[in-house]
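**Q** A predicted structure for the sequence below; I have some questions about it.
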Amino acid sequence: MNEKGLQIEVAERLSGVGEYYFSKKLREIDRMRAEGTPVISLGIGSPDQPPHPSVVERLAAEAARSDTHAYQPYKGAAVLRRAFSKWYAERYGVALDPETEILPLIGSKEGVMHICMTYLNPGDRVLIPNPGYPTYRSAATIAGGVCVDYRLTAENDWLPDFGQIEAAGLEGVKMMIVNYPQMPTGAHATPELFARLVEFARRHGILLVHDNPYSFVRNDRPLSLLSVPGAKEVALELNSLSKSHNMAGWRIGMIGGSAERLNEVIRFKSNMDSGMFYPMQAAAATALSLGDEWYRSLNDLYYSREALGYELLDVLGCTYRRGQAGLFVWAALPEGFDGDCYAFSDRILYDCGVFVTPGGIFGSEGDRYIRISLCASEETLRAAIGKIREGLR
């Protein structure tokens, strides 16, 4: 209620959507730090390294020009669309027409919302991974969709159980959201999985939405769902430079798919935003042109941190699978711990001054898991190990 006593209620579309967990938790951590309690956060996967110097140089050079500050095309600058097309051809073996089959985005998170708003009517059902990125559920709910969980379990290597999904019934299901390499579990994509997904979507008349931002991180076999013959007929793929090129704050992503699908998405998108600042698009094109050495150095860094992540989880008594992809390590709570992931996370935060993400924020299948981010220096990870050893004595 405001100072005049007028009460304004939020729209019903937000009734099933709360504030993002990290938004609330990071405020608490900020308060703890302000009160003098040092906290090491191993929560969010925001790369702590800069982009390649050539990317920043291109940004500066383009921004210094007098003719690069105008509004940009809603479908993105040609320089970026061509760069994404070449990147997909060279890195995934996928041909995408830069004129019609690529749509640049202000981050792929935006794209999830755009796709949901483009295709979902109130009551349309959406298959959502559990565990999975919380934005999938939020975007579908805000668009009026009804979320239907499909379970991912360690016993099934965190892959969809298609028999179980079909047995639960698919009436009214319009969309299925998938994400491999999977976040938060780090499960890898395989050609067989992608072929099965495309066949499943075609057979049931479902739009498949694949979110693919982790395919170059701790993974030596980057795959695109669009590499499956006929995938463009039933699928859209989101991708991003946030993780693969250390450009999270730049908010640069894309949707790849058929011209028909992208024309439908742009009907919504063009009413919500304009094209990105041209110098950012040109710099992103430079990032996409980087060679193998960039990806090797990126992964050398994360693999060195991974070893310390395993040591930290050993100190906590957690169990985990080696060989996960992406920016995180997903681990089961210690056997015999009397409590859920939230209680465990809070215990480590308050007793040790280290924040680890409770797996339950990704869905009920994560209630007995935690996730740690590798977006912290080796020095920071060693400090976290020391704080946990001391706090758990």
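**A** Right, received. Where do you want to start?

**Q** Can you list the residue ranges for helices in this structure?
**A** 21-34, 53-63, 78-92, 108-119, 134-142, 162-167, 191-204, 259-269, 278-288, 292-316, 341-352, 378-391 (DSSP state H).

**Q** what residues are up against Ser373?
**A** The contact partners of Ser373, taken as Cβ atoms under 8 Å, 6 or more residues apart in numbering, are Leu42, Gly43, Ile44, Gly45, Leu327, Phe328, Thr357. For every residue, glycine as well, the C-beta is placed using N, CA and C.

**Q** from the residues you listed, which is closest to Pro160?
**A** Closest approach to Pro160 among these (Cβ to Cβ): Phe328, at 20.1 Å.

**Q** From what I see, that closest one and Met183 are in contact.
**A** Yes: taking Cβ atoms under 8 Å as the definition, Phe328 is a contact partner of Met183 at 7.0 Å.

**Q** Between those two, which has more neighbouring residues?
**A** Between Phe328 and Met183, counted using other Cβ atoms under 10 Å, the more crowded position is Phe328 (27 against 24).

**Q** What confidence value was assigned to the closest residue to the more buried one other than its chain neighbours?
**A** Distance criterion Cβ to Cβ, 6 or more residues apart in numbering; nearest residue to Phe328, sequence neighbours excluded, is Arg371 at 5.0 Å. We have a pLDDT of 98 for Arg371.

**Q** Number of residues surrounding Arg371?
**A** Arg371, neighbours per other Cβ under 10 Å, totals 27.

**Q** What of the one 3 residues further on?
**A** Taking other Cβ under 10 Å as the neighbour definition, Leu374 ends up with a count of 23.

**Q** can you pull the contacts of it?
**A** Gly45, Tyr302, Arg305, Glu306, Gly309, Leu327, Phe328, Val329.

**Q** same question, Arg137
**A** Ile128, Cys147.

**Q** What separation do you get for it and Cys147?
**A** As judged by Cβ to Cβ, to the nearest Å, Arg137 and Cys147 stand 5 Å apart.

**Q** which neighbours do the two share?
**A** With Cβ under 8 Å, 6+ apart, Arg137 and Cys147 have common neighbours Ile128.

**Q** which non-adjacent residue is nearest Tyr21?
**A** Counting by Cβ to Cβ, 6+ apart, the residue nearest Tyr21 is Ile361, at 4.5 Å.

**Q** Distance check, the one you found against Asn130.
**A** 12 Å.

**Q** Same question for Ile165.
**A** From Ile165 to Asn130 the distance is 12 Å (Cβ to Cβ).

**Q** what residue ranges in the chain score low on pLDDT?
**A** Flagging of the chain using pLDDT under 70 yields the residue ranges 1-5.

**Q** Please repeat the previous calculation with a cut-off of 90.
**A** 1-26, 44-45, 107-108, 273-275, 336, 393 (pLDDT under 90).

**Q** Quickly list the domain ranges of it.
**A** 18-47+293-391, 53-288 (automatic domain parsing).

**Q** hmm, back to that, redo the contacts of Leu374 as TSV? Include distance to Gln72.
**A** Formatted as TSV, these follow (distance: Cβ to Cβ, whole Å):
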residue	distance to Gln72
Gly45	28
Tyr302	33
Arg305	37
Glu306	39
Gly309	40
Leu327	30
Phe328	33
Val329	39
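
**Q** Would you mind listing which of those residues are buried?
**A** Gly45, Tyr302, Arg305, Glu306, Gly309, Leu327, Phe328, Val329 (16 or more other Cβ atoms under 10 Å).

**Q** Distance of the residue nearest to Val329 when sequence neighbours are not counted relative to Leu327?
**A** In space, and not counting its chain neighbours, Val329 is closest to Gly309: 4.6 Å by Cβ to Cβ, 6+ apart. Using Cβ to Cβ, Gly309 is found at 10 Å from Leu327.

**Q** show me the residues around Ser274 that make contact.
**A** Tyr71, Gln72, Tyr74.

**Q** again, only this time at 10 Å
**A** Counting by Cβ atoms under 10 Å, 6 or more residues apart in numbering, Ser274 touches Tyr71, Gln72, Pro73, Tyr74, Ile106.

**Q** from these, which is closest to Asp340?
**A** Looking across the contacts of Ser274 and measuring by Cβ to Cβ, the closest to Asp340 is Ile106, at 35.5 Å.

**Q** and the closest one, how many neighbours?
**A** 19.

**Q** Repeat that for Arg382.
**A** 14.

**Q** quick revisit: quickly list what's touching both of Phe328 and Met183.
**A** Gly45, Tyr214, Arg371.

**Q** Please produce JSON lines containing those, extended by distance to Arg389.
**A** Formatted as JSON lines, the shared contacts of Phe328 and Met183 follow (distance: Cβ to Cβ, whole Å):
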{"residue": "Gly45", "distance to Arg389": "25"}
{"residue": "Tyr214", "distance to Arg389": "30"}
{"residue": "Arg371", "distance to Arg389": "20"}
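
**Q** circling back to that earlier point, quick one: common contacting residues for Gly309 and Leu327?
**A** Tyr302, Ile372, Ser373, Leu374.

**Q** how about the first one, what does it touch?
**A** So that's Tyr302. So Tyr302 contacts Pro47, Gln49, Val217, Arg218, Asn219, Lys243, Gly309, Ala325, Gly326, Leu327, Leu374, Cys375 (Cβ under 10 Å, 6+ apart).

**Q** could you measure it against Ser377, distance?
**A** Taking Cβ to Cβ, one finds Tyr302 at 12 Å from Ser377.
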